[in-house]
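*Asks:* coords please:
(one chain, ligands or ions: 1)
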Amino acid sequence: MEDPGRVVGVGGCWAQSVKDEVFERFPFVDVAFGPGQIHRLAEFLTQDSLTAQGYFEFEDFSGHLPAKRARDFQGWVQISVGCNCVCAYCIVPQTRGREVSRRPGELIAEIESLAAEGVREVTLLGQNVNAYGRDLPQEERITFAELLSRVDAVEGVERIRYTSPHPKDMREDVIRAHAELPALCEHIHLPLQSGLIREHVPDCALTTDIIVGFPGEADEDFAATLDVTDRVGYDGAFTFIFSPRRGTEAATMMDQVPHPVKRERMARLVELVQRRARERAQRFVGRTMQVLVEGPSRTDPARLRGRTGHNKTVNFEGTAEPGELVEVEITGATSTTLSGHERLLSRVP
Ligand code: SF4
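*Replies:* Residues are numbered from 1 along each chain as shown. Got it, this is the predicted structure:
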């Protein structure tokens, strides 16, 4: 080994899924751990000598880790871990176990302290946030919509986002919350939506995840994917070529789709997603939008970069500081970004 002092570790769902053979197959690995043990990693690595290869079983909830924030004004809060669904392609239920929600009182206390430290935008994290609370004891049980409302009431929180929701558990109360709670952003990332969202929040940005080439996907199935993508008109989508995860049901299914076919379908899907996103983005041109400033533009440091409540990146001319909310007049739109200029005297307190 070039650098014998270096410690090699692998962590997360994949490590957990190959736990019985990780050290055998990859002898250079010193430490491996599942998603539930990340909070113990420092303790493990600071032992005087790393003598034994270690593997930590899934046994705990890692939501209590102190948060490391890339930006002082944005915070991520894990509200639950694990998943009770059984999607055929996904390894998460086997590696993260059944769903465990954190108690609402603890979450609100954490969010209050984040807000006191200057966090203005909070993103709530969970595998299926809509199922939040169902496993809690009755006296503490609240729905995800109720949790959103309590977070909205925290002084200093100006924006709330969440990921990921699950369509089977997306209820009208959450969609109504988007229409009613001032801090809840007008953006929903959801695998294929029903018409309900745009009925209540007509301007809502919709984004999604799409897998291409799932086993057995016939030409007609893919045509249906294109059709729904075209009809919904997503503001953006994460698109993936299906790849089998060992240990999942989908990995052993017959009728795996040949790779060249997957690639060709992927190219057609991406072209459609981008075209529709570009068309959708034109609705912002000419509007004045509230933007949370994140820093300098990645392509032109003389300009600023920020994000609208719709989760659109905006590159704009202005003088604001990171963490400020400003009003920006939108003058141009591509499939992924908006451009514009800050309105003078536009600072939002
Ligand atoms: S809902 Fe998400 S995390 Fe749960 S099994 Fe399906 S893909 Fe995996």
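
*Asks:* Burial check on residue 330, number of neighbours?
*Replies:* 23 (other C-beta atoms under 10 Å). For glycine as for every other residue, the C-beta is placed from the backbone atoms N, C-alpha and C.

*Asks:* bridging residues for it?
*Replies:* Listed by DSSP bridges, the beta-bridge partners for residue 330 are residue 340.

*Asks:* Hmm, residue 282 and it touching each other?
*Replies:* No - if you go by C-beta atoms under 8 Å, residue 330 and residue 282 don't touch, sitting 9.9 Å apart.

*Asks:* Distance of residue 328 relative to residue 338?
*Replies:* 8 Å (C-beta to C-beta, to the nearest Å).

*Asks:* hmm, I was thinking of residue 332
*Replies:* On the measure of C-beta to C-beta, residue 332 and residue 338 end up 7 Å apart.

*Asks:* what do the two both touch?
*Replies:* Contact with both residue 332 and residue 338 is made by residues residue 285, according to C-beta atoms under 8 Å, 6 or more residues apart in numbering.

*Asks:* Compare these two and say which is more crowded by neighbours.
*Replies:* Neighbours around residue 332 and residue 338, counted as other C-beta under 10 Å, are more numerous at residue 338. The numbers are 25 against 14.

*Asks:* How about the contacts made by residue 281?
*Replies:* Applying C-beta under 8 Å, 6+ apart, the residues contacting residue 281 are 235, 312, 333-335, 338.

*Asks:* Residue 215 too?
*Replies:* Contacts of residue 215 by C-beta under 8 Å, 6+ apart are 242, 250, 253-257.

*Asks:* for residue 282, same thing?
*Replies:* So residue 282 contacts residue 333 (C-beta under 8 Å, 6+ apart).

*Asks:* Then residue 89?
*Replies:* Residues near residue 89 by C-beta under 8 Å, 6+ apart: 211, 214, 242, 244-245, 248-250.

*Asks:* cool, residue 279 as well?
*Replies:* residue 233.

*Asks:* Phi first, then psi, for it.
*Replies:* phi -60, psi -50 (degrees, to the nearest 10).

*Asks:* who in the stretch 51-200 of the chain is up against the ligand?
*Replies:* Contact residues, the stretch 51-200 of the chain versus the ligand (C-beta under 6 Å from any ligand atom): 83, 85, 87, 90, 92-93, 127-128, 166.

*Asks:* ok, 8 Å please
*Replies:* 83-87, 89-93, 96, 127-128, 164, 166 (C-beta under 8 Å from any ligand atom).

*Asks:* Which of those are buried? Put it as a ChimeraX command.
*Replies:* Those of those that count as buried under 16 or more other C-beta atoms under 10 Å are selected in ChimeraX with:
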select :83,89,90,91,92,93,96,127,128,166
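
*Asks:* just the residues of the stretch 51-200 of the chain next to the ligand: which has the poorest pLDDT?
*Replies:* Comparing pLDDT over those, the lowest score belongs to residue 96 (82).
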